[in-house]
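Participant: Show me how the following folds:
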Amino acid sequence: MQHVIVVGGGIGGLTAALCLAAKGFRVAVLEQSDRITEIGAGIQISPNGNRVLFDLGLSDALEAVAFRPQMSERRDWQTGEVLAGGPLGDSVVEKYDFPYYHIHRADLIRVLADAAGASPHIELYTNLGVADFQQDADGVRVHDRSGGVHRADILVGADGIRSVVREGLFGPAAPTFTGNIAWRSLIPTGKLPDGLVRPAATAWWGPGRHFVHYYVRGGAFVNCVAVVEKEGWEVESWTEKGDIAELRADFAGWHDDLQTLIDAMDSDACFKWALFDRPPMNQWGSGRVTLLGDACHPTLPFMAQGAVMAIEDGAVLAGCLSMGMDVPDALQRYEDLRRDRTASIQNGSRRNAKLFHLHGDDAVDRNQSAGDDYRATIDRLYRYDALTAHLGEQERTS
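Facilitator: Residues are numbered from 1 along each chain as shown. Next up, the predicted model:
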């Protein structure tokens, strides 16, 4: 049984561990935090991601903590007019076989960690930061910051945008500030007027900024994320508190519904963080070492696909490694299968960062074509099958 070390106990790392264990690999997950948990905001998991999670047997656990939106909509920042969107709910299941979920990051991490903890093929290590690694023809040696050495056949860096594994492969390179900062807050639904928030994935587009809200935790909370173009503040932290007066000023003059949401936020639980980015990589790995998720394709949150791309990575990686190829060849196949798709999501998210924030006539032109663009994009995204992507066309159809 081949042994894989996965560095990083986030969504991508845990999904990869579960997919690898399901294929018969022995996996060690090394997480630098003192416990496997997650702070942060809600995320959206579309059918292409849930195809993988359901295959791992997580459907009941996810259904217990997620929210199924009935629609997706893009609205004008002043009038509230719906500019684009489409049905979700049962419609998306009928078309793509799997649901669309809104879920809090902490809830998804808990589901994944519980499943990993129950697997006899997965060992979870916390408070174990990686210092460096070496590889040769026989395997990989990972050195932790306490002086320990861990040996495996394969090393997967799923350790985020500031990945230690990435730096060990390709040298140091700092990510770039995008000129956008994001606000986040969770609002108990009981604090809001009935009907204010529809059962939808809603994004309000406006000049220089946008505002997203949707239900999480079965509808008990409304997750709000507001993105503003702003320079001079580049703190990259999920736990940095923001001044709600600044948030109000950022969205002054926007629709009354958004003013009601901002007024309902807890001023002690309103956070902001700077959004950083990296360009798509031409190479993800070398030999017995590869990367996954934000370590190789950090994605801005403007297509709701960042976490889903990491989930897909885990399934394709496990599929390629299960084919009986030499490890370097299998890892190269994984990279080749994933590189273009993830790069297109990175680039599309960058384009959306500009598209959502257009002014004047440019915004008018955008609004006129938004519906057609939206439908074409989601069909391309949701039909992807990460469970069979490692197979050639002939094997998939035979």
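Participant: Please give me every residue in contact with Leu292.
Facilitator: Contacts here follow Cβ atoms under 8 Å, 6 or more residues apart in numbering; on that basis Leu292 touches Val6, Gly12, Gly13, Ala16, Val156, Gly157, Ala158, Ala310, Asp313, Gly314, Leu317. The way it works is simple: take the backbone N, C-alpha and C, and place the C-beta from them, glycine included.
Participant: So what does it have for phi and psi?
Facilitator: Reported as degrees, to the nearest 10, the phi and psi values for Leu292 are phi -150, psi 150.
Participant: for Gly49, same thing?
Facilitator: According to degrees, to the nearest 10, Gly49 has phi -80, psi -40.
Participant: Wait, it touches Glu312, no?
Facilitator: Yes: Gly49 is within contact range of Glu312, at 6.8 Å (criterion: Cβ atoms under 8 Å).
Participant: re earlier: okay, the contacts of Leu292 in CSV with neighbour count and pLDDT next?
Facilitator: Shown next, in CSV, are those (neighbours: other Cβ atoms under 10 Å; pLDDT from 0 to 100):
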residue, neighbour count, pLDDT
Val6, 31, 98
Gly12, 31, 97
Gly13, 29, 98
Ala16, 28, 98
Val156, 34, 98
Gly157, 29, 98
Ala158, 32, 97
Ala310, 27, 98
Asp313, 32, 98
Gly314, 28, 98
Leu317, 32, 98
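Participant: Between which two of the residues you listed is the distance greatest?
Facilitator: Distance extremes for the contacts of Leu292: the farthest pair is Gly157 and Gly314 at 12.9 Å, using Cβ to Cβ.
Participant: Next up, phi/psi of Phe271, please.
Facilitator: Main-chain torsions, Phe271, degrees, to the nearest 10: phi -120, psi 150.
Participant: hey, what's it bridged with?
Facilitator: Counting by DSSP bridges, Phe271 forms beta bridges with Arg184, Lys241.
Participant: how far away is it from Glu246?
Facilitator: Separation of Phe271 from Glu246 (Cβ to Cβ, to the nearest Å) stands at 12 Å.
Participant: do Thr299 as well
Facilitator: 26 Å.
Participant: Over to Gly24?
Facilitator: Distance from Gly24 to Glu246, by Cβ to Cβ: 52 Å.
Participant: Out of these two, name the residue with the larger neighbour count.
Facilitator: Glu246 (15 against 12; other Cβ atoms under 10 Å).
Participant: other SSEs contacting the host helix or strand of that one?
Facilitator: According to DSSP states H and E, Glu246 maps onto helix 244-250. Helices and strands touching helix 244-250, as assessed by 3 or more Cβ pairs under 8 Å, 6 or more residues apart in numbering; DSSP states H and E, comprise strand 221-229, helix 256-264.
Participant: Give the buried residues for that helix.
Facilitator: Neighbour counts over helix 244-250 (16 or more other Cβ atoms under 10 Å) mark Ile244, Leu247, Asp250 as buried.
Participant: now stretch 27-37
Facilitator: In stretch 27-37, the ones that count as buried by 16+ other Cβ under 10 Å are Val27, Ala28, Val29, Leu30, Glu31, Gln32, Ile36.
Participant: can you list contacts of it?
Facilitator: By Cβ under 8 Å, 6+ apart, stretch 27-37 touches 3-9, 13-14, 17, 20-21, 106, 109-110, 113, 116, 121-130, 142, 144, 150, 152, 159.
Participant: What about those, which are in strands?
Facilitator: Of these, the ones assigned to strands by DSSP state E are 3-7, 122-125, 130, 142, 144, 150, 152.
Participant: Any of those buried? List them.
Facilitator: The neighbour-count test (16+ other Cβ under 10 Å) marks 3-7, 122-125, 130, 142, 144, 150, 152 as buried among those.
Participant: Save those residues as CSV, and put in distance to Trp77 too.
Facilitator: Shown next, in CSV, are these (distance: Cβ to Cβ, whole Å):
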residue, distance to Trp77
His3, 52
Val4, 47
Ile5, 47
Val6, 42
Val7, 41
Ile122, 46
Glu123, 49
Leu124, 44
Tyr125, 46
Val130, 44
Val142, 48
Asp144, 48
His150, 51
Ala152, 50
